[in-house]
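Peer 1: what's the 3D shape of this:
(chains A and B)
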Amino acid sequence: MTTSGQKGHRDPEPPAGWEPEHDREAHWQAITELLRRADQPPQVPPARFEAMRLELERTLRAEGLIASGNPGRHHHDGFRAWLSTVFFGGGPGGQVVRLGVAAGLALFLGLQIGNIRQDAGETAGPPLVAEDVRATAPDDSMLAARTEEVLRTPPRAELQPQPGTVAIPDQEPPIMQQVRTRTEGPGVAIGGAPVTARDGNGSRTIPRSHLAELEERSLWQETVPNAQAWVFELPRPRSEPVLGTMTPVSQGTYGDQRVRLASEALDQLQVLKFYSLVNRDDQSLQEVRRIESLLTDLAAQTEWDARPKTSVMEAFRKAEASLAAQRYHEAQQSFEEVTFIAPGSAHAFLAHFQIGRIALEHTQDYDLALESFRRCLEEYPSSVMSGQHRRYLMDRVMVLTETEEEGWQSLGWWQASEQAQDPREAARLLQQVVRESSSDRLASDAATRLKDIVLADVALQRVNAVEIAEAIRDRVARTKSSHDAARIQYAVAEMLARGTTDTQEAAREYRRVLELTPDDQTRRLASNRLVQLGALAGPE
Amino acid sequence: MALSDVPVSLIERCRAGEPGAFDELFSFIRDDLFRWTFSLVRNEDDALEIMQECFLRIFRHLHRLQDPNKFAQWVSRLVINQTNTYRVKRRKSQTEELEEGFDIQEGALPLQGKGVPNPRKAAEREEVFRKVNEAIAELPPRQRLAVLLFDVKGKSIREIAGELECSEGAVKFNIFQGRRKLRGMLQNYMDRHGNLDLME
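Peer 2: Purely as a prediction, here's the structure:
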């Protein structure tokens, strides 16, 4: 009993007198706390339990373990008797009927499954990613090529290291120890020089499959000092967002890896800052700033002349300091200075973005916000940002433009809801946004946020979920954009499904989402819910 | 309601095939059963699948239960066995699956403010839990159960010995080994990440 899985290896016995209650080993208390916190089951919608109950009931009834009168939620004795006659009635005539009905049913089910698949689209795996990307940036040929490349790349399990291509030294050179920094976990790594290929051709391309190996060994090689810096994203699972993301597809399992000159790397860091800001990821932002500082020091030791960048970076740092101190107008002025010193640069792009963000979120100067975001989109090439991030800016421009006519009133309600301490008050304000905003996009985002708030608050969910869902339902019909209408309908369905045990009713609400031509994500979410409920939702 | 609170009369009514008793028992124990199953497998879909199988077995074999007062222990063992069976089946058929991607749309509302969860934080929190769950899954079944029952569910050594049908000494041994391995698997990770800070 005491042997472990390995042959010949025996697990150590506990010390004499050891009692689990009095384990004084370091970290055990913290680990127990972690175990307990990780032991939080998700809240399962009642409809899902109800679906399970129905399935069980059918099985047990078929096995004769439940009496026919039990439990009787769906009594259809007449119908059942008719079915029984059709299927179990005697004689050759009955057999013909049975065969005919079975064939008909099979054909009907086949068609239904086909329709559901068609409705749901191909929701699993890479094709959906490709669709997302193509939909996001249909004209971006580079992005499309990159997407295809990623899709062609075999899954991680199939990647085989190619020994002999990369030389990894046993010891890290001292300069690298100074400049290298690794984020806690996945993120950006920065090095002082390219990895040298063993075949001597000096290739700076690091095979994808070696990134994991490099990370595992925590070693980076410097072979060409003072020449170049490189920044790349470490491989990471798709579920981990943000830092170092170069394109939407590079959020994939394999990460992205690019070699750049130090000046390019500094520019790239501004883009990473942008991504971190978009995702409100303060931790990543700090990491990027630390890397920026290290990279600046590295640049000072290289042949690359850092002077042209110096004034821009000084102005930028001043602006960021003012922003951190919540001196918003001062920060806006310094960011504006950056845009004058280096127009068209990555720094200027980020400065415009920051001016707009401050105006939108802090000073409520919506005119300025609109102008700044427009400049980001109009004056900077698509290569600065990924399709998804461009869409992020476009959303803001669209919402600001659409709500301009109403004097940006619904934006005010939204912001008030963000400040509200009481979830009920936040829910009330968001309902107002959904019902009255002149922007479809803002209304659908408010509905999504409203759904999150309602479902996260047990009291609100129990008492008001259905009422709130009904209150915003009529906005679906008034929404011109089919994507936004579908998102609102999805929020309605989610709230109603939590409040009902009627699986057929819940399934009807999710089907309405699919009927509204939803975007891919909403389609996927609604389809998943239907898959969970659909098999038991009856023939409707 | 807890498994241990199921009235004996309800069990007797189910055994007698009384109309309505099935529904009543299902509603009575479903939440507790889900919590317990989820605790063992740490995945909602897997937990629901196992739970459904458990319910089938409960109703199919309820007549074999000799002492209705031991219903909770009986179900608990049934869940443990079913989970082990499920794991074996799953391991055999498991294939590498692409993980669901993070979609910026999910967290990119037009005016994200203080109230909106930080996607990175949420991902890190999930990451910690994923690591913990992976570490638990790595343990041999008996050690995993012993640790979960003692450290997470707060059961006594005697109760666990009863559920696992082994001696109290064996339970202690399994807890000791399970903890030692978990500590080895999680300690390094926790140090690198400042562990509990991520949980706040």
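
Peer 1: which other helices and strands contact the one helix or strand residue B:58 maps to?
Peer 2: Element membership for residue B:58 (DSSP states H and E) is helix B:44-61. Helix B:44-61 is packed against helix A:46-62, helix B:21-41, helix B:71-93, with contacts defined by 3 or more C-beta pairs under 8 Å, 6 or more residues apart in numbering or on different chains; DSSP states H and E. For the C-beta atoms, the positions are set from N, CA and C on the backbone; glycine is no exception.

Peer 1: And for stretch A:471-479, what's in contact with it?
Peer 2: Outside stretch A:471-479, the residues within contact range by C-beta atoms under 8 Å, 6 or more residues apart in numbering or on different chains are A:431, A:434-435, A:440, A:443-444, A:447, A:450, A:485, A:488-489, A:491-492, A:512, A:516.

Peer 1: go with 10 Å
Peer 2: Here stretch A:471-479 makes contact (C-beta atoms under 10 Å, 6 or more residues apart in numbering or on different chains) with A:430-431, A:433-437, A:440-441, A:443-444, A:446-447, A:450-451, A:464, A:484-493, A:495-496, A:509, A:512-513, A:516.

Peer 1: Can you tell me which of those residues end up in helices?
Peer 2: Those of those mapping onto helices are A:430-431, A:433-436, A:440-441, A:443-444, A:446-447, A:450-451, A:464, A:484-493, A:495-496, A:509, A:512-513, per DSSP state H.

Peer 1: and those, which are buried?
Peer 2: A:430-431, A:433-435, A:440-441, A:443-444, A:446-447, A:450-451, A:464, A:484-493, A:495-496, A:509, A:512-513 (16 or more other C-beta atoms under 10 Å in any protein chain shown).

Peer 1: Keep only those that also lie close to chain B.
Peer 2: Contacts with chain B within these, as defined by C-beta under 10 Å from any C-beta of the partner chain: A:441, A:444, A:446, A:487.

Peer 1: can you put those residues in TSV and add pLDDT?
Peer 2: Listed next are those as TSV, based on pLDDT from 0 to 100:
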residue	pLDDT
A:441	85
A:444	90
A:446	90
A:487	91
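
Peer 1: of those, closest to chain B?
Peer 2: residue A:441 (6.9 Å; C-beta to the nearest C-beta).

Peer 1: Identify the residues contacting that closest one.
Peer 2: Contacts of residue A:441 by C-beta under 10 Å, 6+ apart are A:394-396, A:398-399, A:402-403, A:479, A:481, A:483-484, A:487, B:109-110.

Peer 1: again, 8 Å this time
Peer 2: Shown in contact with residue A:441 (C-beta under 8 Å, 6+ apart): A:395, A:398, A:399, A:402, A:481, A:484, B:110.

Peer 1: what about it, distance to residue A:472?
Peer 2: Here the criterion is C-beta to C-beta, to the nearest Å. By it, residue A:441 lies 15 Å from residue A:472.

Peer 1: what's the burial count for residue A:62?
Peer 2: As a burial measure, residue A:62 scores 9 neighbours (other C-beta atoms under 10 Å in any protein chain shown).

Peer 1: Equivalent analysis for residue A:318, please.
Peer 2: Residue A:318: 17 neighbours (other C-beta under 10 Å).

Peer 1: what about it, distance to chain B?
Peer 2: Counting by C-beta to the nearest C-beta, to the nearest Å, the separation of residue A:318 from chain B is 25 Å.

Peer 1: How about that residue: what's its closest non-neighbour residue?
Peer 2: residue A:334 (4.7 Å; C-beta to C-beta, 6 or more residues apart in numbering or on different chains).

Peer 1: One more: residue B:76?
Peer 2: Excluding the flanking residues, the one nearest residue B:76 by C-beta to C-beta, 6+ apart is residue B:163, at 5.3 Å.

Peer 1: So, low pLDDT: which residues of chain B?
Peer 2: For chain B, the stretches with pLDDT under 70 are B:1, B:89-128, B:187-200.

Peer 1: what's the domain layout of it?
Peer 2: Chain B breaks down into these domains under automatic domain parsing: B:1-91, B:119-200.

Peer 1: go on, chain A?
Peer 2: Structural domains assigned to chain A are A:117-155, A:164-305, A:306-409, A:419-534, following automatic domain parsing.

Peer 1: avg pLDDT for the first one?
Peer 2: Within the predicted structure, the mean pLDDT of domain A:117-155 is 40.

Peer 1: and the spatially most central residue of chain B, what does it touch?
Peer 2: When C-alpha atoms, centre = their mean is applied to chain B, the residue found nearest the centroid is residue B:39 (1.8 Å). Applying C-beta under 8 Å, 6+ apart to residue B:39 gives the contacts A:39, A:41, B:148, B:152, B:153.

Peer 1: Now flag whichever of these is closest to residue A:365.
Peer 2: Of all the contacts of residue B:39, residue A:41 has the smallest distance to residue A:365: 45.9 Å, by C-beta to C-beta.
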